[in-house]
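[1] Quick check, what structure comes out for this input:
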Amino acid sequence: MSPFNPSQSSLMARETAESAAVVAGQLAANREATRRFGRIIRGLDPRVVVTVARGSSDHASLYLKYLIEILTGIPCASLGPSIASLYQTKLRLDGALGVAISQSGASPDIVALQTAVKQGGALTLALVNDAESPLALAADCLLPLHAGAEKSVAATKSVIAAMAAGAALITDWRGDGALAAALERLPDALDGAPAPPAQAIDLIAGARSMFVIGRGATYAIAAEAALKLKETCAIHAEAFSSAEVLHGPAGVIVQGFPVIAFMPQDAARAGMVETLARLAAMGARLLVVDAADQEYVRPHPEERPKGASRRTRAATAVRAAHPSRPFAAQRASQDEGSGTFPPDSRRPAMVVPAAHHPLLTPIVMLHRFYGLVEACARALGRDPDNPPHLSKVTQTR
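    I've put the predicted structure just below:
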């Protein structure tokens, strides 16, 4: 193995950059199968959906959970693999749908749980990158992720592929034209990501502990982001719903404590805005990831239109300030004039393209975050492709 060079691009970065092509190829390759499985699930009319996954794949399952529950009203829960692999409990899942998600499809406990779900009476459907794996071959229905070889230990394109495959399945299950149209445009939103903002890299690279929060579908993104921070940067990051973070976790916040927030684009947004305002008042230093179509989003100093005067920029910031937009600058004239932002600034730090549907924009947020956390790992002199103590395929029982 050649020595790690932090100045060179990593496999993680290259594989993240492949996500747009992966999603476009998957949607085309799976189109007929997804339609067929959508009809089968409509005929089954499950009263409950259970998911089978671990690690990053379980975060893709959490994203699927929110899509299913929000769009269909059907409860969806992640099952603990040990109930089958260790406790050998017989499950009672007559008429249910079981969805297994995995990159490798090889971990014994995941395979055992899918078998138990099937024996319990559920229809099993696998979203798997390795279509010849034990998990894929044992499922009633298979949707390959078509992510191609993924060599970095840090999974990226396979996670995005799993989320896109889940969204496609919901689209055909429900016959959701709006979601279908937005999904076809998702590869465009994933294409051509800019370099992550230097302010965001500095904030993360200088931290030893932080919170990552979201609500609804963006809570799944927060969970995956927290894992990647631990995995690639050795930063102790904990993921919370914005509805939970004030119930006890906020007790650890001191002045300057970092909080990364993935902003919902739906009904969960207003409550999260209020939560972030309270966290900022406690001293938290916020790094907000939001969609470009949100009206209070302001560009970074390096993203300002060339030729815009300080007076014009300050006036724009003042117009953006509103009680419903707590991230707008409250000290616009002095902050804009200096070209820098105070440590406790509540402005968004990373703006991503909107994905034409509030439940798909979180996928774009995750894609951009992968680029950010990869850059942070290299800034810390760490190899994101080969973190210590970890391997690409983790086999547990």
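[2] residues making contact with the helix or strand hosting residue 23?
    According to DSSP states H and E, residue 23 maps onto helix 19-29. The contact list for helix 19-29 (Cβ atoms under 8 Å, 6 or more residues apart in numbering) reads 144-148, 156-157, 160-161, 164-165, 168, 183-184, 186-188, 190-192, 367. In short, each C-beta sits where N, CA and C put it, glycine included.
[3] What's the ChimeraX syntax to select whichever of the residues you listed are buried?
    Selection of buried members from the contacts of helix 19-29 for ChimeraX, criterion 16 or more other Cβ atoms under 10 Å:
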select :144,145,146,147,156,157,160,161,164,165,168,183,184,186,187,190,367
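[4] Tell me which entries of the contacts of helix 19-29 lie within helices.
    Those of these mapping onto helices are 157, 160-161, 164-165, 168, 183-184, 186-188, 190, 367, per DSSP state H.
[5] Strands along this structure, start to end?
    Assigned strands in the chain, in chain order: 49-52, 76-78, 97-102, 123-128, 141-144, 209-214, 236-241, 258-262, 285-291, 348-352 (criterion: DSSP state E).
[6] got a list of contacts for stretch 239-254?
    Residues outside stretch 239-254 that contact it (Cβ under 8 Å, 6+ apart) are 211-215, 219, 222-223, 225-227, 238, 259, 261, 268, 271-272, 275-276, 278-279, 282-284.
[7] Cross these against helices and list the overlap.
    219, 222-223, 225-227, 271-272, 275-276, 278-279, 282.
[8] which of those residues are buried?
    By neighbour count, with 16+ other Cβ under 10 Å, those hold 219, 222-223, 225-227, 272, 275-276, 279 as buried.
[9] nearest to residue 106, of the residues you listed?
    The shortest gap between residue 106 and any of these belongs to residue 227, at 19.5 Å (Cβ to Cβ).
[10] was I right about the closest one contacting residue 55?
    Yes. Assessed by Cβ atoms under 8 Å, residue 227 is found in contact with residue 55 at 7.0 Å.
[11] what's the span of stretch 241-251, first residue to last?
    The first residue of stretch 241-251 is 15 Å away from its last residue (Cα to Cα, to the nearest Å).
[12] avg pLDDT for it?
    For stretch 241-251, mean pLDDT is 93.
[13] to the chain's geometric centre, what's the distance from it?
    20 Å (Cα atoms, centre = their mean, to the nearest Å).
[14] Same question for it: list its buried residues.
    Within stretch 241-251, judged by 16+ other Cβ under 10 Å, the buried ones are 241-242, 245, 250.
[15] Can you add distance to residue 50 and give those back as CSV?
    Formatted as CSV, the buried residues of stretch 241-251 follow (distance: Cβ to Cβ, whole Å):
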residue, distance to residue 50
241, 21
242, 26
245, 27
250, 32
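[16] Run a quick neighbour tally on residue 36.
    13 (other Cβ atoms under 10 Å).
[17] tell me the pLDDT at it?
    The model's pLDDT for residue 36 equals 98.
[18] Low-confidence ranges, the protein, go.
    Along the chain, segments meeting pLDDT under 70 span 1-8, 294-348, 387-397.
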